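Asker: Please find the sequence and the predicted model below.
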Amino acid sequence: MNQFYSKHFLKLTDFSKEEILELIKIAEKLKYDKKTFKEKKKLINKNIILIFEKNSTRTRCSFEIACFDQGANVTYLNIKDSHIGYKESLKDSARILSNMYDGLQYRGKYQKNLEIIAKYSKIPVWNGLTNEFHPTQILADLLTIKEHIKNKNIDQIKLSYIGDINNNISFSLIEASIIIGFELYLISPQKIKASNNPYINNLIKKLKNKNNIHITDNINVGIKNTDFIYTDIWLSMGEKTSLKLWEKKINKFLNYQVNKSLLVKSKNPNIKIMHCLPSLHLYNHYKKLFNKKIISKYKLFNGLEITDEVFESNNSIIFQQAENKIHTIKAIIIASLLKEKY
Ligand code: CP
Ligand code: NVA
């Protein structure tokens, strides 16, 4: 029996380094099989439910395509169109749906809600993003990283994450670095905020004795000789979308934008640029979100967290990250639903 059978995928630190590397290997094989038209449908007659409390493009489509490719049937449920969490408790919803389906994806606000669903489900539950973690994203990122390192293993790379270090992407990257052991620089004017959130407090505790993870506001230190620069949107879905908060974030992070001069500071001409997406790099797109005053006050004519020039450059592996979500999500679904090893 394969070691992932019947297991949930809630956060990366629930798994060992060997298990994470094994999931990446399964994804590589699935990607190869799909690209060479050799993929076999192993999930025929399986029914999958995808529950979304927040918006999604990539994660939803990756789950759906993974299911279609493998012959599984999919229900998409926007939480607003259902009783989940309102007229019906998460505990009841989990028990009802796990009698109907074989696997359940949940994207929502709180990790603790996901944990409740997982506790009362008889079927594997997969985290499609919470305020705290985004493990399916980081698994796709690790596959993408592996595809771009020739003379190194994943545990030998230096990855610099820059910008808002108090979000699901930075937290899941920290988890990945704790498990795998690669050098992680978190570059930001922020510290990781202690809170009454047990998941974040646990992460802070685990960070204390890790000398491969560094938090710095010094861009030169964090970026020098790095292999990968990773950034994320400055305002995450769990936060209030107000112009006031946007302005606060812009003011805080503008010096931490991924732009040409940052790439020069890395002193690595082969540096790779990563972003989980969505991104505000295109002026004609994001100008609709802000008023003219903010745009001209902060001279936001060439991108927010990343400039359009860098986003579109040859160093960018952003679209490969997005595509790889299909293969890694498929690996997670197959590994947890099928008894035999893939
Ligand atoms: N990166 C990511 O999770 O994208 P979506 O929000 O579009 O799913
Ligand atoms: N930090 C972002 C990630 C989006 C994929 C958010 O939660 O909105």
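Answerer: Nice, thanks for sending it over. Here the structure is a predicted model, which means the values were calculated and not measured. Ligands and ions are numbered 1, 2, ... in the order given.
Asker: Close to ligand 1: what parts of the stretch 51-200 of the chain are there?
Answerer: 56, 57, 58, 59, 129, 137 (C-beta under 6 Å from any ligand atom). Using the backbone N, CA and C atoms, a C-beta is placed for each residue, glycine as well.
Asker: are any of those buried, and which?
Answerer: By neighbour count, with 16 or more other C-beta atoms under 10 Å, these hold 56, 58, 59, 129, 137 as buried.
Asker: Using JSON lines, please lay out these together with pLDDT.
Answerer: Listed next are those as JSON lines, based on pLDDT from 0 to 100:
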{"residue": "56", "pLDDT": "98"}
{"residue": "58", "pLDDT": "98"}
{"residue": "59", "pLDDT": "98"}
{"residue": "129", "pLDDT": "98"}
{"residue": "137", "pLDDT": "98"}
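Asker: From those, which land in helices?
Answerer: 58, 59, 137 (DSSP state H).
Asker: what's the spacing between the first one and residue 279?
Answerer: With distances defined as C-beta to C-beta, to the nearest Å, the gap from residue 58 to residue 279 amounts to 12 Å.
Asker: Over to the second one?
Answerer: Taking C-beta to C-beta as the measure, residue 59 and residue 279 are separated by 15 Å.
Asker: Helix, strand or coil: sort out the residue lying closest to residue 28 once chain neighbours are set aside for me.
Answerer: Sequence neighbours aside, residue 143 is the residue nearest to residue 28 in space, at 6.8 Å (criterion: C-beta to C-beta, 6 or more residues apart in numbering). Under DSSP: H, G, I helix; E, B strand; the rest coil, the three-state class of residue 143 is helix.
Asker: can you check residue 250 too?
Answerer: Assignment for residue 250 (three-state DSSP): helix.
Asker: From residue 273, how far out is it?
Answerer: In terms of C-beta to C-beta, residue 250 sits 20 Å off from residue 273.
Asker: Likewise for residue 229?
Answerer: Taken as C-beta to C-beta, the span from residue 229 to residue 273 is 5 Å.
Asker: Pull up the overlap in contacts between the two.
Answerer: 258, 263 (C-beta atoms under 8 Å, 6 or more residues apart in numbering).
Asker: who's more crowded, the two?
Answerer: Neighbour count, other C-beta atoms under 10 Å: between residue 229 and residue 273, residue 229 has more, with 27 against 20.
Asker: In a strand, that one, correct?
Answerer: Yes - counting by three-state DSSP, residue 229 falls inside a strand.
Asker: ok, now which ones touch the most centrally placed residue in the chain?
Answerer: Among the residues of the chain, the one closest to the centroid is residue 137, at 2.8 Å (C-alpha atoms, centre = their mean). Applying C-beta under 8 Å, 6+ apart to residue 137 gives the contacts 59, 129, 169, 172, 276, 325.
Asker: How about residue 52, nearest residue that isn't a chain neighbour?
Answerer: residue 107 (4.9 Å).
Asker: next one: phi and psi at that neighbour?
Answerer: Dihedral angles of residue 107 (phi, psi; degrees, to the nearest 10) stand at phi -120, psi 120.
Asker: Just the pLDDT for it.
Answerer: Looking at residue 107, its pLDDT is 98.
Asker: a markdown table for the buried ones among the residues of the stretch 51-200 of the chain next to ligand 1, including distance to residue 222?
Answerer: A markdown table is the format used below for these (distance: C-beta to C-beta, whole Å):
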| residue | distance to residue 222 |
| --- | --- |
| 56 | 30 |
| 58 | 27 |
| 59 | 28 |
| 129 | 25 |
| 137 | 21 |
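Asker: Tell me where the stretch 151-300 of the chain has helices.
Answerer: 168-180, 198-207, 219-223, 243-253, 260-266, 283-286, 292-297 (DSSP state H, counting those that start in this stretch).
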